[in-house]
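Trainee: I need the structure of the sequence given here:
(chains A and B)
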Protein chains: 2
Amino acid sequence: MKITLTRINKAFHYEAINKDKIVVHIDANKEIGGEGEGVRPMELVLMGLGGCASIDLGLILKKQRQELLDYQVEINASRNEDDAKAFKSIQLHFILTGNLNADKVEKAIELTLNKYCSVALSLSKDIDISSSYEIKN
Amino acid sequence: MKITLTRINKAFHYEAINKDKIVVHIDANKEIGGEGEGVRPMELVLMGLGGCASIDLGLILKKQRQELLDYQVEINASRNEDDAKAFKSIQLHFILTGNLNADKVEKAIELTLNKYCSVALSLSKDIDISSSYEIKN
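Mentor: The predicted structure is shown next:
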């Protein structure tokens, strides 16, 4: 897996590119000299976590023959107040639409976050990752 | 910090959005049903790591009055072979252009990865993160 980042101005705007040549724009916040031209690095980690959890959850629900008609996940995070400002806690709230069995959904979320999600399992064990869900018909 | 992810097809294509309404498209790989319409979640983590390291390194070099004329970082990663496929190792190779002092660059990279970079310090301590650099004039 390879990513290349190139600075595209004299401030903090970068272009990140993957092997399929898909580009993501990254920028720092304005307080330190960014220009709001891209996503913040820590936001990318949350997007990665949400994406990974969503794919794994979708795969498990599919195996369980639980049909997802619509799907969303909201991710909130808090950060430490030291120099590094690493994540302190991350909450994922899954919003699932369909005729779904709550017990199966609960089990699928648990398996996703604790066994399958590559991003969740690449994060520091110091981060308190929690989840909740709602089912809409 | 808040991110919302919404599924936009019946497969694994998601739209992630941050508070500034900047959108990143995420997709699974084709082997598991994705359509190559976006970045892979684990790639987003590498982009986040690269972005964060780049911003912090840029800030430190600026304080040291080291002028960066051009800048790129290449990030390579390997993953474990178990169910979770978490990162095993990540290598960052910094390519810095300018009239730069190698000792200062080395110190700046060390501080970036071990003290300031929020993403690096949010990752699992089981991941072997290493770095190298080259200076171009």
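
Trainee: switch to C-alpha atoms for all contacts and neighbour counts from now on
Mentor: OK.

Trainee: Report the separation between A:K136 and B:A11.
Mentor: According to Cα to Cα, to the nearest Å, A:K136 stands 19 Å off from B:A11.

Trainee: Name the residue in these two with the higher neighbour count.
Mentor: Set A:K136 next to B:A11 and count neighbours by other Cα atoms under 10 Å in any protein chain shown: B:A11 wins out with 16 against 13.

Trainee: Does the more buried one touch B:E31 like I think?
Mentor: No: in this structure, B:A11 is not within contact of B:E31 by Cα atoms under 8 Å, at 12.0 Å.

Trainee: show me what contacts A:A84?
Mentor: With contact set as Cα atoms under 8 Å, 6 or more residues apart in numbering or on different chains, A:A84 has these partners: B:115-118, B:121.

Trainee: again, but for A:E134
Mentor: So A:E134 contacts A:93-96 (Cα under 8 Å, 6+ apart).

Trainee: now with 7 Å?
Mentor: A:E134 is in contact with A:94-96, counting by Cα atoms under 7 Å, 6 or more residues apart in numbering or on different chains.

Trainee: picking that back up, what's the PyMOL syntax to select whichever of the contacts of A:A84 are buried?
Mentor: Of the contacts of A:A84, the buried ones go into a single PyMOL selection, burial set by 16 or more other Cα atoms under 10 Å in any protein chain shown:
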select buried, chain B and resi 115+116+117+118+121
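
Trainee: what kind of secondary structure is A:E106 in?
Mentor: helix (DSSP: H, G, I helix; E, B strand; the rest coil).

Trainee: any idea how far it lies from B:F87?
Mentor: 26 Å.

Trainee: can you check A:E67 too?
Mentor: From A:E67 to B:F87 the distance is 31 Å (Cα to Cα).

Trainee: Check A:L113 too.
Mentor: A:L113 sits at a distance of 15 Å from B:F87 (criterion: Cα to Cα).

Trainee: re earlier: ok, A:E67 and B:F87, which is more surrounded?
Mentor: Neighbour count, other Cα under 10 Å: between A:E67 and B:F87, B:F87 has more, with 24 against 16.

Trainee: okay but that one is in contact with B:L46, surely?
Mentor: No: in this structure, B:F87 is not within contact of B:L46 by Cα atoms under 7 Å, at 9.9 Å.

Trainee: Not counting residues beside it along the chain, what's closest to A:S124?
Mentor: Spatially, and ignoring its direct neighbours in sequence, A:S124 is nearest to B:S124 (3.8 Å; Cα to Cα, 6 or more residues apart in numbering or on different chains).

Trainee: who's in contact with the one you found?
Mentor: Contact partners of B:S124, counting by Cα under 7 Å, 6+ apart, are A:122-125.

Trainee: Can you select the buried ones from these in PyMOL?
Mentor: To isolate the buried ones among the contacts of B:S124 in PyMOL, judged by 16+ other Cα under 10 Å, type:
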select buried, chain A and resi 122+123+124
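
Trainee: Could I get the contacts of B:S124 in a markdown table, plus columns for secondary structure and distance to B:K19?
Mentor: Below are the contacts of B:S124 laid out as a markdown table (DSSP: H, G, I helix; E, B strand; the rest coil; distance: Cα to Cα, whole Å):
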| residue | secondary structure | distance to B:K19 |
| --- | --- | --- |
| A:S122 | helix | 25 |
| A:L123 | strand | 23 |
| A:S124 | coil | 24 |
| A:K125 | coil | 26 |
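
Trainee: Any chance of the contacts of B:S124 in JSON lines with distance to B:E35 as columns?
Mentor: Converted to JSON lines, the contacts of B:S124 look like this (distance: Cα to Cα, whole Å):
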{"residue": "A:S122", "distance to B:E35": "24"}
{"residue": "A:L123", "distance to B:E35": "26"}
{"residue": "A:S124", "distance to B:E35": "30"}
{"residue": "A:K125", "distance to B:E35": "32"}
